[in-house]
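[1] how would this look folded up:
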Amino acid sequence: MPIPAPTLDDRGFQELVRAALARVPVHTPEWTQLAHSDPGVTLVELFAFMTESLLYRSNRVPENSRLKFLSLLGL
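    As a prediction, the model looks like this:
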């Protein structure tokens, strides 16, 4: 019986953007304009897109590699 492949992270693009924009007032309170056309929001969306691509690829690790990683962790 094969081990079911766990999903490492299932966040999507919109959730990543929302989480990043929620941190903006905490770290940069002087950035008050969070409009969709703002260049900073465009950068946040770019990084969210790249992060989503990495998460997709990390969730598609082959079964043999996943088993080896789990054995290295002692699981």
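
[2] Skipping adjacent residues, who's closest to Phe69 in space?
    Excluding the flanking residues, the one nearest Phe69 by Cβ to Cβ, 6 or more residues apart in numbering is Val61, at 7.4 Å. All C-beta spots, glycine's among them, are computed from the backbone N, C-alpha and C.

[3] pLDDT score for the one you found?
    Looking at Val61, its pLDDT stands at 74.

[4] ok, how many other residues are close to it?
    The number of residues packed near Val61 is 14, by other Cβ atoms under 10 Å.

[5] isn't it right next to Leu70, touching?
    No. Using Cβ atoms under 8 Å as the test, Val61 is too far from Leu70 to be in contact (10.6 Å).

[6] Return the per-residue confidence for the spatially most central residue of the chain.
    Centroid-nearest residue in the chain, with Cα atoms, centre = their mean: Thr51, separated by 4.4 Å. Note on Thr51: pLDDT of 94.

[7] Nearest spatial neighbour of it, chain-adjacent residues omitted?
    Leaving out its chain neighbours, the residue that sits closest to Thr51 by Cβ to Cβ, 6+ apart is Leu16, at 5.5 Å.
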